[in-house]
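**Student:** Have a look; sequence and predicted model below, questions after that.
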Amino acid sequence: MYKVHWIIDGIANVNEKNQEDAENVINSKIKKFLSENSDFFDKIGAKAIQGKAYLPGKDEKNDT
């Protein structure tokens with residue numbers, strides 16, 4: 001039997017008034033998606049999803 005370790009990495013652009021609100025918007029979307037697809041995530045052994053809001057740095061394009 002093989003084990004497959006996978007990672008999903010991405011950046012969502014969110015227009016909110018502060019870091020906490022931006023994180024909450026994405027958190028709500030992820031929780032809804034997970035609840036609607038729980039069988040899939042159980043089958044692939046998903047253990048964690050995490051994220052942190054930040055303001056883009058000077059070298060990063062701000063796609064707002």
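**Tutor:** The structure has been received and is ready for your questions. None of the values given here were measured: they were computed from a predicted structure.

**Student:** Tell me which residues of the biggest helix by length in the chain come out buried.
**Tutor:** As assigned by DSSP state H, the longest helix anywhere in the chain is helix 19-36. In terms of neighbour count (16 or more other CB atoms under 10 Å), helix 19-36 has its buried residues at 22-23, 26. From N, CA and C alone the C-beta is placed, and that goes for glycine too.

**Student:** Just give me the closest of these to residue 40.
**Tutor:** Nearest to residue 40 among these: residue 26, at 19.2 Å, using CB to CB.

**Student:** I'd guessed the closest one sits against residue 49; true?
**Tutor:** No - using CB atoms under 8 Å, residue 26 makes no contact with residue 49, being 9.9 Å away.

**Student:** Tell me which residue is most central in the protein.
**Tutor:** Compute the mean C-alpha point of the chain, and by CA atoms, centre = their mean the closest residue is residue 51, 5.6 Å away.

**Student:** in terms of contact, does that residue touch residue 26 like I think?
**Tutor:** Yes - using CB under 8 Å, residue 51 is in contact with residue 26, at 6.2 Å.

**Student:** give the contact list for the residue nearest to the centre of the chain.
**Tutor:** By CB atoms under 8 Å, 6 or more residues apart in numbering, the contact set of residue 51 is 23, 26-27.

**Student:** Next, it: secondary structure please.
**Tutor:** coil (DSSP: H, G, I helix; E, B strand; the rest coil).

**Student:** Look up how far residue 4 lies from it.
**Tutor:** From residue 51 across to residue 4, the span is 22 Å (CB to CB, to the nearest Å).
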